[in-house]
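Visitor: Show me the folded form of this:
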Amino acid sequence: MNLFEITISTLPDSVEVYNPLSTEDVSLALVNDSGWKIYTLINTSCATCILQLKEWQDFQKEIRYIKDVRILPICYSTDDFEVLKYWFESKNVDSLNFPLILDVKNQFIKKNSDLVNDLGEFTALVDHNNHILLTGDPIGSTSDRERFLEKIQESYE
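Guide: Got it, this is the predicted structure:
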């Protein structure tokens, strides 16, 4: 099946937008027709996984020079987001320019379970209709990063 034929299910009503340090209106991120987006799952019960947010911040700065693509980290947790809250409260993070979407009931994962790998990981570049254009790990894989950047650049030309 062609990836473009696959659509990510919309965000469930049970998600919460969280970013106490953002200066932007983070509610705009939940508008489904807001252009291209990158959805990525982040396990916020894992301190090491939370550190990926800094890498996503850097990637967003890089792609914004090409096209405005919203990064939407879908955060899930086994500890009621306590590690994430501590991370922000202890000021261990600079301001993030994107919201964190807290999947408090794991509904996003359930609705998109066929896209999530065994390790609970999933990242996809989607168009304004939530059709998947690419999947991969642009943070952890140089070749995936190049593919994502090329696809975003193609859309601009």
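
Visitor: partner residues bridging the closest residue to residue 106 other than its chain neighbours?
Guide: Residue nearest to residue 106 in three dimensions, not counting chain neighbours: residue 76, with 5.7 Å by Cβ to Cβ, 6 or more residues apart in numbering. Where you see a C-beta, it was placed from the backbone N, CA and C, and this is true even at glycine. For residue 76, the beta-bridge partners under DSSP bridges are residue 43.

Visitor: Residue 76 - how many residues pack around it?
Guide: Counted by other Cβ atoms under 10 Å, the residues lying close to residue 76 total 21.

Visitor: can I assume it is in contact with residue 44?
Guide: Yes. Shown here, residue 76 and residue 44 form a contact pair, counting by Cβ atoms under 8 Å, at 7.0 Å.

Visitor: for the chain, what spans make up the strands?
Guide: 15-18, 37-43, 70-76, 100-103, 123-126, 132-135 (DSSP state E).

Visitor: For those, could you give me TSV that also reports mean pLDDT?
Guide: As requested, these are arranged in TSV below (pLDDT from 0 to 100):
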stretch	mean pLDDT
strand 15-18	79
strand 37-43	91
strand 70-76	90
strand 100-103	89
strand 123-126	90
strand 132-135	90
